[in-house]
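Participant: only geometry, no sequence info:
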């Protein structure tokens, strides 16, 4: 079975290039069917939105320490590529500004704010303002595990769409999202069931399933509906399934 769902590249095409780098973004953009790029944002010591997943730089760079303890210039000077492959040696930790300049007009963005419990005060307003300046408010959804952060996004710019990230499907989830004005749900793929998906549709939610890397899982999600966004580290695998569908449609 082929698939025809929207595809989101998780942290860029992070199965093919070092996650959350410009190289991973370029790899993702090379696939014409990638409609979304998901990425993670934190604040540097000097208050600049930077694109990196972990609280520390230990796993993905040649340095050690907390992201919040480095300036944006210091983060840019790190090697965020060699851990993945020598071919990406010298790839820096990008700023959000650099990613927006690369992606603008080419696909939509799912920006996850890596904040909770008051960490990174002002990150919501900083990201919202940057999106306004780049004219990307309508092409972006801001997501977080933290409902308080989503409320602050709406306070910074009521036009921005927000979404909750969750690795569960508790009763009342639809109502909880409605209370915080979120219309997007980013959910662990194996938590998604057909009956809940119908309920999410009735609630008017856009649903993204993460992180869907195996073809059997992509097929399982697609069987619940072609409206579900499939978020994957491997858009090449998604593309192979999409090609299967095209060939069957052509009868070849």
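Facilitator: Here it is on my side, so go on. Note that this is a predicted model, so its numbers are computed, not measured. Numbering: from 1, shown residues only.

Participant: and the gap between the closest residue to residue 29 other than its chain neighbours and residue 42?
Facilitator: Leaving aside its sequence neighbours, residue 29 sits nearest to residue 106 (CB to CB, 6 or more residues apart in numbering; 5.6 Å). In short, each C-beta sits where N, CA and C put it, glycine included. Applying CB to CB, to the nearest Å, the value for residue 106 to residue 42 is 24 Å.

Participant: More neighbours: which of the two?
Facilitator: Neighbour totals were compared for residue 106 and residue 42, and residue 42 leads with 25 against 12 (other CB atoms under 10 Å).

Participant: Just to check, the more buried one is in contact with residue 48?
Facilitator: No - using CB atoms under 8 Å, residue 42 is not in contact with residue 48, being 9.7 Å away.

Participant: Centre-most residue in this protein?
Facilitator: Residue closest to the mean C-alpha point of the chain, counted by CA atoms, centre = their mean, is residue 38 at 1.9 Å.

Participant: List the contacts of that residue.
Facilitator: Contact analysis of residue 38 by CB atoms under 8 Å, 6 or more residues apart in numbering lists 8-11, 109-110, 112, 208, 210, 231.

Participant: cool, residue 236 as well?
Facilitator: Contacts here follow CB under 8 Å, 6+ apart; on that basis residue 236 touches 13, 15-16, 31.

Participant: Is it in a helix, a strand, or coil?
Facilitator: Secondary structure for residue 236, judged by DSSP: H, G, I helix; E, B strand; the rest coil, is helix.

Participant: Could you measure from the residue nearest to the centre of the chain over to residue 140?
Facilitator: According to CB to CB, residue 38 and residue 140 sit 11 Å apart.

Participant: hey, what's in contact with both of the two?
Facilitator: Counting by CB under 8 Å, 6+ apart, the common neighbours of residue 38 and residue 140 are 109-110.

Participant: How confident was the prediction at residue 252?
Facilitator: We have a pLDDT of 52 for residue 252.

Participant: Please report phi then psi for residue 21.
Facilitator: Main-chain dihedrals, residue 21, degrees, to the nearest 10: phi -110, psi 170.

Participant: And for it, nearest residue in space, chain neighbours not counted?
Facilitator: Here the residue nearest residue 21, using CB to CB, 6+ apart, is residue 91, at 4.7 Å.

Participant: Over to that neighbour. Which of the three states is it?
Facilitator: Residue 91 ends up coil, using three-state DSSP.

Participant: what number of residues lie near the residue nearest to residue 48 when sequence neighbours are not counted?
Facilitator: Once flanking residues are discounted, residue 48 sits nearest to residue 72: 3.7 Å by CB to CB, 6+ apart. Residues near residue 72, counting by other CB under 10 Å, number 20.
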